[in-house]
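Participant: the sequence and its predicted three-dimensional model are supplied below.
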Amino acid sequence: MVQKTRYNLITYFLFLIIAIIGILYGNTLSGDYRFLRVWEYTNILLLLIGVPFLFLQTKAKLPDFWQKDISNKFRFLLPVAIGIVFGILDVLIFKIVLHPQPYDELPPFTQPFPYSLFLYFSGALEVEVFYRLIPLTIILLLGNWYKDGKYYFAFFVAGSILTALREPLEQIPEGGILLIIYSLIAGFLMNLLQAIWYRKAGFLASLSIRLGHYLIWHILLGIYIEYVELAV
């Protein structure tokens, strides 16, 4: 138990170090790009709110980060593949269908490479801490406590749906009704799968789904725009 929690902490603080490196790197690029987004150190402090929940994964009947009976196929490979599918769908809809013409500057949902690796890793971590780690751990702790866990699965279903609704409702795009419907459905499904995978394989699996999506939508699309469309 103590060893599992220690691995949770070590991994989490390594992620915070990556985020800090991203801040330092971003500040060296400040002023060179119109839409450059650089984290503040307050973002790091906010992520520290997630630390107490690293100790509560087992009590909430959630896998620890590196639980031995979960293979890396289920922890990383399949989740990343799921995220990549959603990323490809977003590129097809938002870039190929809606914006086939070349960009004349990096759009705000991309960042210059390789800085984009740091920013979007940090962004994925922040989203997963506040969309999954904290709320689902609290909900499932309550589910495990209420009537000795008799309704644990009902708590999980409710928590999964509520956390899956948050992002698509917060990020409804401007556009026609079909675009809004696509955005709501795709956002809900990806977040729902993240909740399911979180329970199945732990926080790193949920994070891996988002990283797979960000790899395609934010990072590789950004590289294409920066080095192909803007280079012409």
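Facilitator: Yep, that arrived.
Participant: from the chain's centre, how far out does stretch 167-174 sit?
Facilitator: Stretch 167-174 sits 15 Å away from the centroid of its parent chain (Cα atoms, centre = their mean, to the nearest Å).
Participant: for this structure, which segments count as strands?
Facilitator: Here the chain has no strands by DSSP state E.
Participant: okay, now the unreliable bits of it?
Facilitator: In the predicted model, the chain carries pLDDT under 70 at residues 1-2, 232.
Participant: which parts of it are helices?
Facilitator: With DSSP state H as the criterion, the chain has helices at 2-29, 41-47, 72, 78-90, 115-128, 134-145, 152-170, 177-201, 203-214, 221-224.
Participant: alpha carbons only: can I get the second one in CSV?
Facilitator: What it means is helix 41-47. As requested, the backbone C-alpha atoms of helix 41-47 are provided in CSV (Å, rounded to 0.1, in the frame of the first residue of the first chain):
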residue,chain,number,x,y,z
TYR,A,41,3.3,29.0,-11.6
THR,A,42,-0.1,29.3,-10.1
ASN,A,43,-1.1,26.4,-12.4
ILE,A,44,1.5,24.2,-10.6
LEU,A,45,0.1,25.2,-7.2
LEU,A,46,-3.4,24.3,-8.4
LEU,A,47,-2.2,20.9,-9.4
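Participant: buried ones in that helix?
Facilitator: By neighbour count on 16 or more other Cβ atoms under 10 Å, the buried set for helix 41-47 is Asn43, Ile44, Leu47. Using the backbone N, CA and C atoms, a C-beta is placed for each residue, glycine as well.
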